[in-house]
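Enquirer: Would you be able to build a 3D model of this:
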Amino acid sequence: MKLGFHTGYWSSGPPAGVEEAIAEAERLGFDSIWAAEAYGSDCLTPLAWWGAKTETVRLGTNILQLSARTPTATAMAALTLDHLSGGRFVLGLGASGPQVVEGWYGQPYPKPLARTREYVEIVRKVIARERVEFSGQFYQLPYQGGAGLGKPLKSTVHPLRTDIPIYLAAEGPKNVALAAEIADGWLPLFFSPRGNDFYKTALQNGFDKPGARRSWDTFEVPAFLPVIVNDDVEQAADWVRPMLGLYIGGMGAKGANFHFDVFARLGYEAECARIQELYLGGHKAEAIAAVPTRMVEDISLIGPLAKIKDELAAWKESVVTTLLVNADAKTLRTLTEIVA
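Expert: Numbers count the residues shown, from 1 in each chain. Model (predicted):
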């Protein structure tokens, strides 16, 4: 099992201590570092800035939101960062949710799977330096209408690699299957070893599709994993509860919150409903407090070091191939030792 360092979302500004943690992650032999975006900082600029001070780690977006850029603009960024990093770039893509897509980017959200399929196909054409012509439901190149002067083009830049890895973020079974069918990896946000069989089936459904790109032997699953080493389990859980309260309670409307659904499938539907009710009602502190410790333990490694070592075994036996952690340098060192 490999390790990756996730720089996380920015809050009001850049995360403190991230450059030191990245340097330590590379020194420890981590496989990769990753940057995220929502509706604040973007994920490409920090990756280029921080990645310029590294030499060996792969540089991944987790995730670059489809609605933020046209497929060709995303492909241009991928080509550029792959050249600048010497072939270390990984393009992690995700559809996000309707509140961000329509509220922030002003783009339609319906049919995200079909839209993702078209998006990835166009990105691959650009990276392969093909002349891009595409007539899909969501994307047309050249554009049909307007001045009527558009013509098929191909990148002026020759790719360093004509097949840059593309990973898809997904939570529902159809989305996960799509990742296995058309991508090189799957990026789960909230993974629990208890749900391993569910995701294993979804991935197999994708691998079984005609023309699937990968198989179990060559497919990557880098999963985000909070790790909090603390002799007091409840105190450790308190570091993770705010994130779960936000995602379950506020990152999506009622009936359209995919993070809610992940935990409901794990048996927490009643708890999720309570968290969402409190959060959407403006009672954020109560919503966070309503996140049960066992829910935190399902998707995290928290508590004394011995407990973390024991629970790590279930992650090693799952479909996950890389643990993406966001922690200080000391915790990175500790985790490297116990994973080894």
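Enquirer: how about the strands of the chain, start to end?
Expert: Under the criterion DSSP state E, the chain contains strands at 2-6, 32-35, 58-61, 64-65, 89-94, 134-135, 140-141, 166-169, 185-187, 222-224, 227-229, 301-303, 322-325.
Enquirer: Which of those sits closest to Trp49?
Expert: Trp49 lies closest to strand 32-35 among the strands of the chain, at 9.4 Å (CB to CB). C-beta coordinates here come from the backbone N, C-alpha and C atoms, glycine included.
Enquirer: contacting residues around the lengthiest helix in the chain?
Expert: Criterion DSSP state H: the longest helix present in the chain is helix 233-250. By CB atoms under 8 Å, 6 or more residues apart in numbering, the residues outside helix 233-250 that reach it are 189-190, 226, 228-230, 257, 259-260, 263, 272, 275-276, 278-280, 284, 287-291, 293, 295-297, 299-300, 302-304, 307.
Enquirer: List the buried residues for that helix?
Expert: Neighbour counts over helix 233-250 (16 or more other CB atoms under 10 Å) mark 233, 236-238, 240-241, 243-250 as buried.
Enquirer: Output that helix as CSV - backbone C-alpha positions only.
Expert: Provided in CSV are the C-alpha atoms of helix 233-250 (Å, rounded to 0.1, in the frame of the first residue of the first chain):
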residue,chain,number,x,y,z
VAL,A,233,-10.4,8.6,21.1
GLU,A,234,-13.2,11.2,21.7
GLN,A,235,-10.7,14.0,21.4
ALA,A,236,-9.4,12.5,18.2
ALA,A,237,-12.9,12.2,16.8
ASP,A,238,-13.5,15.9,17.6
TRP,A,239,-11.0,16.8,14.9
VAL,A,240,-12.9,14.9,12.3
ARG,A,241,-16.5,15.6,13.4
PRO,A,242,-16.7,19.2,11.8
MET,A,243,-15.8,17.8,8.4
LEU,A,244,-18.5,15.2,8.5
GLY,A,245,-21.0,17.6,9.9
LEU,A,246,-20.4,19.9,7.0
TYR,A,247,-20.5,17.3,4.3
ILE,A,248,-23.4,15.3,5.6
GLY,A,249,-25.4,18.3,6.7
GLY,A,250,-24.5,21.1,4.4
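Enquirer: dump the residue contacts of the residue nearest the centre of the chain.
Expert: The residue lying closest to the centre of the chain (CA atoms, centre = their mean) is Asn62, at 3.8 Å. Asn62 makes contact with His6, Trp34, Ala35, Ala36, Cys43, Gly92, Tyr167, Ala169, Leu187, Pro222, Phe224, Leu324 under the criterion CB under 8 Å, 6+ apart.
Enquirer: Model confidence at the residue nearest to it when sequence neighbours are not counted, what's the number?
Expert: What sits nearest to Asn62 in space, not counting adjacent residues and going by CB to CB, 6 or more residues apart in numbering, is Trp34, at 4.0 Å. Trp34 is assigned 98 on the pLDDT scale.
Enquirer: Trp34 reaches Leu324, doesn't it?
Expert: Yes: Trp34 lies in contact with Leu324 (CB atoms under 8 Å); the separation is 6.0 Å.
Enquirer: anything in contact with each of the two?
Expert: Counting by CB under 8 Å, 6+ apart, the residues touching both Trp34 and Leu324 are Gly4, Phe5, His6, Asn62, Pro222.
Enquirer: Quick check: bridge partners of the first one?
Expert: Taking DSSP bridges as the rule, Gly4 bridges to Ser32, Leu324.
Enquirer: For the remainder of this discussion, apply numbering that starts at 15.
Expert: Renumbered: residue one is now 15, and that last one reads Gly18.
Enquirer: Done for today, thanks.
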